[in-house]
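Got a sequence here, can you model it:
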Amino acid sequence: MLTYHLDPQSKTPLYEQLYRAIRTDIMSGALAGGERLPSKRQLSANLRVSQITVETAYAQLLAEGYIISEPRRGYFVQRQLAVPAQAQQPAGTHPTAGAQAAVHVDDCPYDFRTNIVDTGCFPFSTWARLSRSVLSEYDDRLLRATDPCGAAELREQIARYLHDFRGINVSPDNILVGAGSEYLMHLVIQLLGRDRVYALENPGYRKLYQIFEANGAAVRPLPLDKSGLRADALAASDASVVYLTPSHHFPLGTVMPAARRLEILRWASAAPERYIIEDDYDSEFRYASRPIPALGELDRAGRVVYVNTFAKSLSPGLRIGYLVLPDALMARYRERFSLYSSTVPSFDQHTLAAFMRTGGFERHISRSRKVYQARRDALMAALDRELAGLPHEVSRSEAGLHLLLHMRNGMLERELIERARAAGVRVYGLSAYYLPPVEPPRATLVLGYAGLTERQINEAAARLRQAWS
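Next up is the predicted model:
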């Protein structure tokens with residue numbers, strides 16, 4: 001009989017706790033493909049919860065394809081989800097047993113990577129229903145080429161969302177839909193020119209450096225302080241374009257205050273053809289207050305290029321992002337690049353537009369925010385509990401899907417990473433985000449928590465204590 005610890009005092013509903021626990025066991029192989037699940041009556045009696053709780057959890061698993069229902073036989077784990085034998089843990093082995101044993105890097109069961117979201121949060125049933133509706137409504141029109149800037153319906157919904165939730169008043173005609181942030185940044189470099197000098201935050205997103213250099217653009221890594229990228233360093237550089245993550249810097253988590261934003265806007269307005277690229281990559285996930293207003297909200301001179309994607313808010317696999325271009329740059333795009341086709345399938349664009357128009361996106365963000373906030377809280381609590389005997393400091397991040405862990409137990413960053421990996425936990429050093437890579441004055445780790453359940457977080461923290469003690 002399945003046995004899980006469900007916390008009635010948790011902010012997460014009991015049905016959701018049960019759903020996630022069963023889903024974790026399915027994906028780990030603890031529940032084998034084709035295995036029969038207990039009846040709703042049996043499981044509710046064993047867990048001492050209502051049958052409605054079990055029924056709701058089963059319904060969610062059924063809707064997402066993790067289980068199937070056979071009339072008069074019951075519920076079974078989807079056979080296609082069977083985990084290969086080599087990927088399962090040996091029988092009788094507890095997840096935290098042998099934590100000190102060496103583990104190959106590819107076998108780490110706990111990975112605090114930042115480039116992942118919980119696909120379990122994705123609204124599969126709603127998306128499927130809307131997809132069917134779009135197929136019925138648009139039929140053969142989905143097979144025709146769409147506007148190079150993207151489907152009008154989607155651009156209208158993005159404009160409405162930006163007005164209502166990011167404080168940006170923008171016309172749909174200034175929005176350009178494209179296949180993910182890499183493609184969009186490549187397009188921005190073409191629009192602004194490869195012969196420019198681009199200032200980038202240091203530390204920052206390493207792949208971004210590679211994208212600029214692959215396009216032949218000169219890069220100037222600039223230092224940060226507690227308010228974000230230093231305006232004096234920008235003014236002293238030869239850059240004419242600066243890339244920023246002002247609402248939530250990656251990976252430091254800094255929020256750029258209004259005074260610094262105005263300084264950088266003044267820098268952009270002080271000379272012709274200066275631009276700011278604002279990446280608003282995870283603005284939806286702020287837990288203590290409403291999302292920080294976008295820098296583009298303060299732009300009155302048409303110097304901000306706003307970029308965002310649905311990678312964090314929905315799924316990286318959708319490959320849908322967008323730019324908000326000032327009038328001059330949109331005119332330049334239509335003149336030079338309008339011969340290119342849209343890089344996002346029409347079907348996906350219309351489905352996303354319907355999802356946003358019917359309020360599904362806002363409800364999804366609200367649900368996801370609660371899930372991620374619970375995981376953030378669980379991670380901070382687990383680190384404080386398990387590392388209580390080790391000098392450490394956890395950044396109390398109020399936004400995003402990652403936090404920083406500063407260790408002061410005498411180990412260097414690389415030693416912390418190696419010992420954690422040997423214990424089956426993959427963590428990432430802050431030094432890797434600098435250009436060139438540097439050894440920071442104190443060992444700091446970047447921990448992404450979106451891809452781990454609360455149970456996995458607790459188990460990973462216990463392993464870290466053993467590895468670093």
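
who's in contact with Thr245?
Contacts of Thr245 were listed using CB atoms under 8 Å, 6 or more residues apart in numbering, and they are 201, 204-205, 278-281. For the C-beta atoms, the positions are set from N, CA and C on the backbone; glycine is no exception.

Please identify the buried residues of the helix or strand hosting Ile211?
Here Ile211 sits within helix 206-214, counting by DSSP states H and E. Buried positions in helix 206-214, judged by neighbour count with 16 or more other CB atoms under 10 Å: 208-209, 211-212.

how about that helix as CSV, C-alpha atoms only?
Output of helix 206-214 as CSV, limited to C-alpha atoms (Å, rounded to 0.1, in the frame of the first residue of the first chain):
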residue,chain,number,x,y,z
ARG,A,206,27.5,32.7,-19.7
LYS,A,207,25.6,31.6,-22.9
LEU,A,208,24.9,35.3,-23.6
TYR,A,209,28.7,36.0,-23.9
GLN,A,210,28.9,33.1,-26.4
ILE,A,211,26.0,34.4,-28.5
PHE,A,212,27.5,37.9,-28.8
GLU,A,213,30.9,36.6,-29.6
ALA,A,214,29.6,34.1,-32.2
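
now that helix, how far from the centre of its chain.
Using CA atoms, centre = their mean, to the nearest Å, the distance from the centre of helix 206-214 to the centre of the chain it belongs to is 20 Å.

What segments of the stretch 1-150 of the chain are strands?
Counting by DSSP state E, counting those that start in this stretch, the stretch 1-150 of the chain has these strands, from start to end: 67-70, 74-77, 110-111.

pLDDT averaged over the shortest one, what's the number?
When the per-residue pLDDT values of strand 110-111 are averaged, the result is 94.

Then the second one?
For strand 74-77, mean pLDDT rounds to 90.

Any stretches of the stretch 251-400 of the chain with poor pLDDT?
For the stretch 251-400 of the chain, the stretches with pLDDT under 70 are 289-292.

any idea how far Gly321 is from the nearest residue to Ile211 once chain neighbours are set aside?
The spatial neighbour of Ile211 that comes closest, neighbours along the chain excluded (CB to CB, 6 or more residues apart in numbering), is Met185 at 5.2 Å. To Gly321, Met185 is 10 Å away according to CB to CB, to the nearest Å.

ok, now Ala231?
According to CB to CB, Ala231 stands 28 Å off from Gly321.

now Ala288
In terms of CB to CB, Ala288 sits 27 Å off from Gly321.

Looking at those two, which has the bigger crowd around it?
Gly321 (23 against 9; other CB atoms under 10 Å).

what sits against that one?
177-181, 183-184, 307-311.

export those to CSV and tack on distance to Leu224 and neighbour count?
Compiled in CSV, the contacts of Gly321 are given as follows (distance: CB to CB, whole Å; neighbours: other CB atoms under 10 Å):
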residue, distance to Leu224, neighbour count
Val177, 31, 24
Gly178, 28, 25
Ala179, 30, 17
Gly180, 26, 19
Ser181, 21, 22
Tyr183, 27, 16
Leu184, 23, 24
Val307, 20, 23
Asn308, 21, 25
Thr309, 23, 24
Phe310, 27, 20
Ala311, 23, 20
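
now, which of those residues lie within helices?
180-181, 183-184 (DSSP state H).

Could you dump the contacts of Thr245 into CSV with neighbour count added?
As requested, the contacts of Thr245 are exported to CSV (neighbours: other CB atoms under 10 Å):
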residue, neighbour count
Glu201, 27
Gly204, 24
Tyr205, 21
Glu278, 25
Asp279, 26
Asp280, 24
Tyr281, 22
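
which one of those residues is nearest Ala32?
Tyr281 (38.0 Å; CB to CB).

ok, so what distance separates the closest one from Thr309?
According to CB to CB, Tyr281 stands 7 Å off from Thr309.

residues bridging contact with the two, i.e. touching both?
With CB under 8 Å, 6+ apart, Tyr281 and Thr309 have common neighbours Ser181.

Does Tyr209 touch Asn202 like I think?
No - using CB atoms under 8 Å as the test, Tyr209 is too far from Asn202 to be in contact (9.2 Å).

Report the set of residues contacting both of these two.
Residues touching both Tyr209 and Asn202 (CB under 8 Å, 6+ apart): 221, 435.

helix or strand for the nearest residue to Ser395 once chain neighbours are set aside, which one?
In space, and not counting its chain neighbours, Ser395 is closest to Leu404: 4.0 Å by CB to CB, 6+ apart. Here Leu404, judged by DSSP H and E, is contained in strand 402-407.

burial measure for Arg160, as a count.
14.

Give me the phi and psi for the residue nearest the centre of the chain.
Nearest residue to the geometric centre of the chain (CA atoms, centre = their mean): Lys312, 3.2 Å. Dihedral angles of Lys312 (phi, psi; degrees, to the nearest 10) stand at phi -80, psi -40.

What distance do you get for the residue nearest to Ser395 to Ala233?
Distance, Leu404 to Ala233, using CB to CB: 22 Å.

biggest strand in this protein by residues?
Identified as the longest strand of the chain according to DSSP state E is strand 218-225.

That one versus helix 206-214: what angle between them?
Counting by axes from the mean of the first three to the mean of the last three CA atoms, to 10 degrees, strand 218-225 lies at 150 degrees to helix 206-214.

Right, I'll call it a day here.
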